[in-house]
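Peer 1: Using only what follows, build the 3D model:
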Amino acid sequence: MHRIMDNAFDLDAPATRTIAAAMRQISRVDGAHPKEDALIDELEASIPGGAAAKVDLSTLTTDEARVAFLRSTVLVAFADGTLTHAERAILQQWTDELGLDEAALHDAVEHVATVLLSRFEGVKIYRDQVEAIGRGLGLDAGRIAAILG
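Peer 2: Next comes the predicted model:
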């Protein structure tokens, strides 16, 4: 089974606050979504010291934290089914500010899309519709076929 994070690791409270603040910001790009807000509220409530008012990328001091940041924000961006140009622009800005290259963002987007589509692994009925979902997530036909089996 595919997972959003490959391995278990610890995030400190400042990094977690930054991720939650970024998730909230990306969720607002295409309007408020109550279910997204509820999940982000739950995350923020679990952070010692509470929520952050702004995204502070300087708190992401490890490679694992930066990957968690990108994958978490991409996941929220995909919550409504598509990654819009406005969402991608913010993700690209954060990627640049983190000093990461275009490949890092591409890898995060493809990884999250793969995880989302993998929930349909082995589907036979309505396969055309599932393949369309994969294309909507930005995956090519070969990747979709590999994921679905």
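
Peer 1: got a pLDDT number for the residue located most distally from the centre of the chain?
Peer 2: The centre of the chain is farthest from one residue, residue 125, which by CA atoms, centre = their mean lies 27.8 Å away. We have a pLDDT of 92 for residue 125.

Peer 1: and what of the one 3 residues further on?
Peer 2: Taken from the predicted model, the pLDDT recorded for residue 128 is 94.

Peer 1: Also residue 4?
Peer 2: 69.

Peer 1: What about the closest residue to residue 101 other than its chain neighbours, how many residues nearby?
Peer 2: Using CB to CB, 6 or more residues apart in numbering and skipping the chain neighbours, the partner closest in space to residue 101 is residue 95 (7.8 Å). Any C-beta I mention is one placed from the backbone N, CA and C, and that applies to glycine too. Residue 95 has 21 neighbours, counted by other CB atoms under 10 Å.

Peer 1: Contacts only, for residue 95.
Peer 2: 70, 101-102, 104-105 (CB atoms under 8 Å, 6 or more residues apart in numbering).

Peer 1: buried set for stretch 30-50?
Peer 2: The neighbour-count check on stretch 30-50 (16 or more other CB atoms under 10 Å) flags 36, 39-40, 43-44, 47 as buried.

Peer 1: Narrow those to those in helices?
Peer 2: 36, 39-40, 43-44 (DSSP state H).

Peer 1: was I right about residue 122 contacting residue 148?
Peer 2: Yes - because the distance of 7.0 Å satisfies CB atoms under 8 Å, residue 122 is recorded as touching residue 148.

Peer 1: Between those two, tell me which one has more neighbours.
Peer 2: Applying other CB under 10 Å to residue 122 and residue 148 shows that residue 148 carries more neighbours, namely 17 against 8.

Peer 1: Let me know whether the more buried one touches residue 131 as I believe.
Peer 2: Yes - assessed by CB under 8 Å, residue 148 is found in contact with residue 131 at 7.4 Å.

Peer 1: Out of the ones in helices among the buried residues of stretch 30-50, flag the one nearest to residue 66.
Peer 2: residue 43 (17.9 Å; CB to CB).

Peer 1: any idea how far residue 11 is from that closest one?
Peer 2: Distance, residue 43 to residue 11, by CB to CB, to the nearest Å: 11 Å.

Peer 1: Then residue 54?
Peer 2: For residue 54 relative to residue 11 (CB to CB), the value is 18 Å.

Peer 1: Many thanks, we can stop here.
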